[in-house]
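1. Predicted model follows, preceded by the sequence.
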Amino acid sequence: MARRVSRRKMPDRDDFRVKERWKIEEGVFDRKTMMNIEKVFTHGIVSEITHIISRGKEADVYLAKAGDKVVDEYVVLKIFNQENTSFRKRVEYVKGDPRFDGVKADIRSIIKIWCRKEYGNLKIAKEAQVSVPEPYYFNGNVLAMQLIGDDGKPAPILRDIGIDNPEEVLDEVIENMKRLYQAGLVHGDISEYNILIKDGIPFIIDIGQGVSLGHPKANEFLERDVKNILYYFRKRYGIDKELQNIILKIKD
Ligand SMILES: Nc1ncnc2c1ncn2[C@@H]1O[C@H](COP(=O)(O)OP(=O)(O)OP(=O)(O)O)[C@@H](O)[C@H]1O
Ligand SMILES: [Mg+2]
């Protein structure tokens, strides 16, 4: 019986295609994730998955070659980990957001919402001219987006490099936060880990926890974001900026 159910969910030939295209070993992904990955192939988003870029707390990130529906040469796939227990703590980000009233709160549903939320937040950010990766597609726990980097090489995170234009980068990060806020969103996890530097320009990533301004903790999250980024630039580059001034600037 179990076999019949799983067969209906995912025919053997699809299973085979995913494995062939991506020489993955049995058991790396559950069947549902395999099905979701298969869709990025059939939708022309990805033609080949090449290697893993990052194994994270909530998701693994892979580099892929683009399919014929994507103009760029590469695509980044963020695959949210179904087993991940850290999502239990994430419930409050979803529950307080009016966009997600009345949703189920089990881990699998939360992960699906999280992925859809990251896609939706990236769309809003992109439209508001915030420097973020362009979102291409999402399905279940799989999100496809633009690679921030050169020739298939991801740009480094802010923390891992020394920049020679820190004042400019900080101003640019604040400007991005302002644009995002004016578009009705707060990132909620801004830090030196979630900013990539490409050609001296900051790009903001990892926006799944971003909340709309209707969220009861939106202001708290904004203040925490500004605090984190100011702390980093003060500690590493000796740049002093006043917290409340920056918050007012963002909200203005
Ligand atoms: N669009 C992108 N272009 C280039 N690199 C990316 C992109 N998205 C993610 N990465 C890389 O993958 C890493 C993890 O991505 P992200 O922060 O979105 O996931 P995460 O699950 O929060 O990971 P972590 O737990 O490590 O914070 C990033 O630090 C970055 O190096
Ligand atoms: Mg991250």
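-> Now that the structure is in, tell me what you want to look at. Numbering: from 1, shown residues only. Ligands and ions are numbered 1, 2, ... in the order given.
2. Closest residue of the stretch 151-252 of the chain to ligand 2?
-> D206 (3.8 Å; Cβ to the ion). (Glycine included, C-beta is placed from N, CA and C.)
3. How about the contacts made by that residue?
-> Residues near D206 by Cβ atoms under 8 Å, 6 or more residues apart in numbering: 118, 189, 193-194.
4. Against which helices or strands is the lengthiest strand in the chain packed?
-> Counting residues, the longest strand found in the chain (DSSP state E) is strand 46-55. Helices and strands touching strand 46-55, as assessed by 3 or more Cβ pairs under 8 Å, 6 or more residues apart in numbering; DSSP states H and E, comprise helix 31-42, strand 59-66, strand 74-80.
5. Any idea which of the ones you listed gets closest to T50?
-> strand 59-66 (5.1 Å; Cβ to Cβ).
6. Now do the closest one against helix 31-42, angle only.
-> Angle of strand 59-66 versus helix 31-42, following axes from the mean of the first three to the mean of the last three Cα atoms, to 10 degrees, is 30 degrees.
7. For ligand 2, tell me whether strand 59-66 is touching it.
-> No. If you take Cβ under 5 Å from the ion as the test, strand 59-66 misses ligand 2, and the best it gets is 8.4 Å.
8. quick revisit: max pairwise distance over the contacts of D206: which two?
-> The largest separation in the contacts of D206, counting by Cβ to Cβ, is between E118 and Y193 at 15.7 Å.
9. Apart from its chain neighbours, what residue comes closest to G214?
-> Spatial nearest neighbour of G214, excluding adjacent residues (Cβ to Cβ, 6 or more residues apart in numbering): P98 at 4.5 Å.
10. Next: D225.
-> Using Cβ to Cβ, 6+ apart, the closest residue to D225 is I190 (3.9 Å).
11. quick one, what contacts the one you found?
-> 173, 177, 204, 225-226, 228-229.
12. who does K65 bridge with?
-> Beta bridges link K65 to E48, Y74, judged by DSSP bridges.
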